[in-house]
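Participant: here is a sequence together with a model predicted from it:
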Amino acid sequence: MSTGTGRASAGTSRRSRALRLGAARDTAAVRHVVTFLVVAVATVLVTRFFLAASGYPQVGGGDLHVAHVLWGGLGMALALVLLLSFVGPALRSLGAFVGGIGFGLFVDEIGKFVTADNDYFYEPTAALIYATVVVLVLVVEALHGWRRHHPAEYLAVATDRAVAGVAGGFTDDARDEARALVALGRGEPTADEVAALVEAVPPDDVDVPDPVRALVRRSSAWFAQTLQRRWAAVVVVVLVLGTALGSLLAGLRVLVGDVDVPTWVGAGIAAGVAATVACVVVGVVVSRRGRPEDRRAGAVWVRRGVLVSLLLTQLLVFRALQWVGVAGLVVDLLVLAALGAALGGDDERRRTPRSRPGRTGT
């Protein structure tokens with residue numbers, strides 16, 4: 001993109017190659033991808049429960065069996081059709097939800113496709129599904145967690161919001177959100193034009209329901225507010241250490257031969273637990289210094305410990321005890337969500353003076 005004024009060239013010179021190619025990251029992408037993954041995991045659990053309760057029925061009769069991997073493929077195809085057919089962010093939450101159901105039905109049958117005899121009950125299936133989710137989480141972290149959003153990306157997202165507003169109008173909340181995004185993109189070549197577009201979008205009092213977004217906002221606000229209290233921080237530490245203890249007991253069972261899996265699984269669990277405990281101890285020590293930045297640094301260290309548990313320890317626990325590891329997974333995810341909400345709320349408060357001007361239009 002070499003056209004434009006000298007000012008534009010100066011602005012684009014600081015951008016990554018992906019951004020220069022037009023691949024701007026959506027600030028709401030993590031919410032959509034997390035929705036996709038949570039729905040996928042829930043679909044796997046519900047499917048397994050339903051099939052076990054109904055005696056694993058054959059769908060089709062005779063020589064035919066319509067495997068639910070086919071329904072999963074249809075679900076993912078429907079999600080793609082939704083996302084590719086409409087302009088703007090209006091249907092992204094629905095696409096993530098439908099795609100999650102489809103992917104859950106698809107990945108639940110992974111055992112059939114890694115075994116010579118198409119064994120749905122292949123013993124490491126739970127660990128394989130978990131590993132698949134972990135890989136996707138790492139991809140999301142690589143895309144959205146390692147690098148801050150460029151100001152031009154905020155402008156691109158604001159424009160994306162305005163695209164939907166041109167057709168359906170803006171509620172007051174939607175316009176305020178778009179203004180905040182424009183404010184974060186100030187100094188970029190097209191900031192004034194995007195601000196003018198946001199202000200030109202007609203008003204609309206009818207807000208399109210987005211249950212996922214509403215749930216995320218309310219739960220994030222609750223987590224962020226609750227973790228301001230000292231007792232809540234203690235509960236978080238106890239939960240993380242309790243999960244680590246449960247995982248360690250599972251690892252010890254492997255090491256003494258109570259569970260028929262390779263001993264390296266038990267050694268890996270023990271190593272993961274040690275890393276998690278070390279991160280938590282560092283976090284507690286750092287946070288006890290009392291300053292706000294120290295408390296934030298402590299929360300970051302605890303979050304690192306939870307990530308070690310999620311990405312390593314619980315994966316191996318699943319390999320050793322199959323679905324018993326669900327309890328540790330649920331606790332780790334809740335703690336990770338709570339810490340993410342608290343850290344995200346702190347980031348929002350730090351940038352509030354810059355991101356909430358009165359009117360940003362011209």
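Facilitator: Yep, that arrived.
Participant: pLDDT score assigned to D346?
Facilitator: pLDDT for D346: 55.
Participant: should've said A299
Facilitator: Listed pLDDT for A299 reads 87.
Participant: next, count neighbours for it.
Facilitator: 22 (other CB atoms under 10 Å). Quick note: C-beta positions are derived from backbone N, CA and C, even for glycine.
Participant: which element is it on?
Facilitator: Taking DSSP states H and E as the definition, A299 sits inside helix 292-308.
Participant: got the contact list for that helix?
Facilitator: 227, 236-237, 240, 272, 275-280, 282-288, 332, 335-336, 339-340, 342-343, 346 (CB atoms under 8 Å, 6 or more residues apart in numbering).
Participant: name the residues of that helix that are buried.
Facilitator: Neighbour counts over helix 292-308 (16 or more other CB atoms under 10 Å) mark 295-296, 298-308 as buried.
Participant: could these go into a markdown table alongside distance to A40?
Facilitator: What follows is those, written out as a markdown table (distance: CB to CB, whole Å):
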| residue | distance to A40 |
| --- | --- |
| R295 | 34 |
| R296 | 31 |
| G298 | 32 |
| A299 | 28 |
| V300 | 28 |
| W301 | 29 |
| V302 | 26 |
| R303 | 23 |
| R304 | 25 |
| G305 | 25 |
| V306 | 20 |
| L307 | 19 |
| V308 | 23 |
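Participant: can you name the residues in contact with whatever helix or strand comes next after the helix holding A299?
Facilitator: For helix 292-308, the following helix or strand on the C-terminal side (DSSP H and E) is helix 314-321. By CB under 8 Å, 6+ apart, the surrounding residues in contact with helix 314-321 are 124, 126-127, 130-131, 134, 247, 250-251, 253-254, 259, 261, 265-266, 268-269, 272, 324-325, 328-329, 332.
Participant: so which of those residues are in helices?
Facilitator: 126-127, 130-131, 134, 247, 250-251, 253-254, 265-266, 268-269, 272, 328-329, 332 (DSSP state H).
Participant: what subset of the residues you listed is buried?
Facilitator: Buried among the ones in helices among the contacts of helix 314-321 by 16+ other CB under 10 Å: 126-127, 130-131, 247, 250-251, 253-254, 265-266, 268-269, 272, 328-329, 332.
Participant: quick check, Y120 in a helix?
Facilitator: No: read with DSSP: H, G, I helix; E, B strand; the rest coil, Y120 is coil and lies in no helix.
Participant: count of neighbours near it?
Facilitator: 15.
Participant: pretty sure V261 sits against V254.
Facilitator: Yes: contact criterion CB atoms under 8 Å: V261 and V254 qualify, at 5.8 Å.
Participant: so where's the stretch 201-350 of the chain uncertain?
Facilitator: Scanning the stretch 201-350 of the chain for pLDDT under 70 picks out the ranges 207-209, 323-324, 341, 344-350.
Participant: the same query, at a cut-off of 90, please.
Facilitator: In the predicted model of the stretch 201-350 of the chain, residues 201-233, 257-261, 287-300, 303, 310-312, 314-315, 318-350 satisfy pLDDT under 90.
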